[in-house]
Structures are given as C-alpha cells and as structure tokens.
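Asker: Predicted coordinates and the sequence they were generated for:
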Amino acid sequence: MKKYERIGRSTVLVTDGSMKYIEFESLNKYRDVLVHFMSTRHGGVSRGECSTLNLGFGRNDDRQNVIENFRRICDATAVETESLVFTNQVHGTKVLMVDENDRGKGLVKESDLKGSDGLFTVTPNVTLVTFHADCAPIFLFEPSINAAALLHSGWKGTLSDIVSEAMSAMKKIPGFDAGRVEAVIGPSIGFCCFEVDEDVYWLFRDKYADDAFYCRVSDSKWKIDLKGIIKTRLAEEGIDEKKINDCDICTKCRNDLFFSYRGDMGRTGSMAAFMQIRR
Ligand SMILES: [Zn+2]
C-alpha cells in the first residue's frame, strides 16, 4: 500500500514499504502519457556512505548492490530495467536525443552515449535517467508532441548553460513549442547552502549579472542561487513562468531524505531522476 505525502512545492513523497521516491504534481497531470519520478536515499541494499538506495556505479559501493537498487526502484514504479538509458555525466552541456535503439544502455548493456549531461526523447518506453547528489535535475515535458528531456545541472552545467543547449536541441523537433513546456527543478543544493569562494562567484557574476542571485557571506565567501539562475534561463528560453516549478527542496538541508555531496562531505551515494513517455 503506497502512502503519499506533500513535502515541498508541488512535490509528493511516495512511501512503498522501505522504498521512498518523489513525484511532482505539475507533471502528474500528464500521467496518462508520462512517467516521471526521482529516487531518495531510502529503499535499497547499499551500506555505509551509500546507505541505502545508491544508484551510482561510480560510488564507493558494490556493483551488485547498485543493480539490485535499480531493480527495486523499477519494481516500485513499474518501469522495465531494460528501458533505462544513461550516460557518464561530465558536468558539461552536451544533450543527446535517444530512441528505442538506446534502450538498456548503461545498465543492461555498455553505453556508447558518452560525455553528455542531458537526454531527450520522443520515443515511448525509453526511460531517461540522470544522476544527482546536490546537482539539480531539470525535468522538461512538451505535452503537445510528447517530448521529454532530463538534465543534470550542477554548478558547472548551470554556469555553462545546459538549459540553452537542451532548448536549442528540442526546438529542432517538429511541432515543439517552448510555451507549452512544463518544467520542474528537482531537489538540489539551495541558496541556503551553496557557498563558494570568490573565484567561482566571479565566474557566475560575469555571466549572470542579477544581484538577486548572490549573497555575500564573508570577505571571501558568497552564496549563489543556482535554482534561481536555472529558473530565469528557462523563462528566457520561452517557457511560461507559471509552468516552471522549483520544488524548493535543498538536498543538504534534507540530507535525511536525499544524498548530498556537500551534506555528506563528499562521501555519499547517488540518486537518479527518471522520465519516460508511456507506450
Ligand atoms: Zn540548504
């Protein structure tokens, strides 16, 4: 028996035994055609710093644990593990279109999709997967043509503007209308906790000038509102502001529920975001 609990703006925590994952109300409107969810740190078999639902093969964990964790989250959400597609993420801006020929790449077979931090598809039953532990997942869905995109946007991806790459790739799909896109920024490090040194501050300041994105903490430390920058960039790309939902959950503040690179001092597991156009 699944339990549903609202934990953030437009965000629902689903509890199914020991398994916990989240969904977004603004995307649940499209549940007839779209599957979407994001894992938490709960419901798996991993131990120690990866306890318990680590989905990252690059972490300090046994491969068999990660495979079992994928099996469990896919079971809970009725997604076929054979449909998952993922790439090695490199904190870049490359965004790849995938289709039925890419099903299974990353988990059930070797992936030749390299160097990308974003995936999009218009093909049913191909499940996009991206990995996160403070870096923002960005979910994009265009309901008039059933196009879905999932992006991994940490500070480097936000600075180098992966949103721009994703939107220009998607704008090439016939019939794509940015004004119809439903966007969600999932759990990731918040303005409250993303503190950087002066050099990183200046990289951002030179590119994104609005004072509202920054807060001085001390002589040499600044806080940056990465989600605020992402929201602004999505709107500048033509997405209706009313359709841009920031779930407003900080992974470091909610380290009880989510893996957080900063909250766990770098020794942590990885969550994953998932999106699939239904058959
Ligand atoms: Zn925080």
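Answerer: Yes, it's here.
Asker: same question for the lengthiest helix in the chain, mean pLDDT?
Answerer: In the chain, assigned by DSSP state H, the helix with the most residues is helix 63-77. Averaged across helix 63-77, pLDDT comes to 98.
Asker: Name the next helix or strand downstream of that helix, please.
Answerer: Next helix or strand after helix 63-77 toward the C-terminus (DSSP states H and E): strand 84-85.
Asker: Outside of that next one itself, list whatever touches it.
Answerer: Residues outside strand 84-85 that contact it (Cβ atoms under 8 Å, 6 or more residues apart in numbering): 70, 74, 98, 102-108, 111, 113, 119, 126-129, 274. Just so you know, the C-beta spots here come from the backbone N, C-alpha and C atoms, and that holds for glycine as well.
Asker: Would you give the sheet partners of it, along with the direction of each?
Answerer: If you go by DSSP bridges, strand 84-85 pairs up with strand 127-132 (parallel).
Asker: quick revisit: which of the contacts of strand 84-85 fall in strands?
Answerer: 119, 127, 128, 129, 274 (DSSP state E).
Asker: Go through those residues and say which is closest to residue 172.
Answerer: Among the ones in strands among the contacts of strand 84-85, residue 119 lies closest to residue 172 (Cβ to Cβ), at 15.2 Å.
Asker: on that earlier part again, would you mind writing the ChimeraX command to select the buried ones in the ones in strands among the contacts of strand 84-85?
Answerer: Only the buried entries of the ones in strands among the contacts of strand 84-85 go into this ChimeraX selection, using 16 or more other Cβ atoms under 10 Å:
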select :119,127,128,129,274
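Asker: Switch the ones in strands among the contacts of strand 84-85 over to TSV; also include pLDDT.
Answerer: TSV is the format used below for the ones in strands among the contacts of strand 84-85 (pLDDT from 0 to 100):
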residue	pLDDT
119	98
127	98
128	98
129	98
274	98
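Asker: If the residue lying closest to residue 273 once chain neighbours are set aside is in a bridge, with which residues?
Answerer: Leaving aside its chain neighbours, residue 273 sits nearest to residue 137 (3.8 Å; criterion: Cβ to Cβ, 6 or more residues apart in numbering). Note on residue 137: beta-bridge partners by DSSP bridges are residue 152.
Asker: so residue 5 sits right up against residue 13, yeah?
Answerer: Yes: Residue 5 lies in contact with residue 13 (Cβ atoms under 8 Å); the separation is 4.8 Å.
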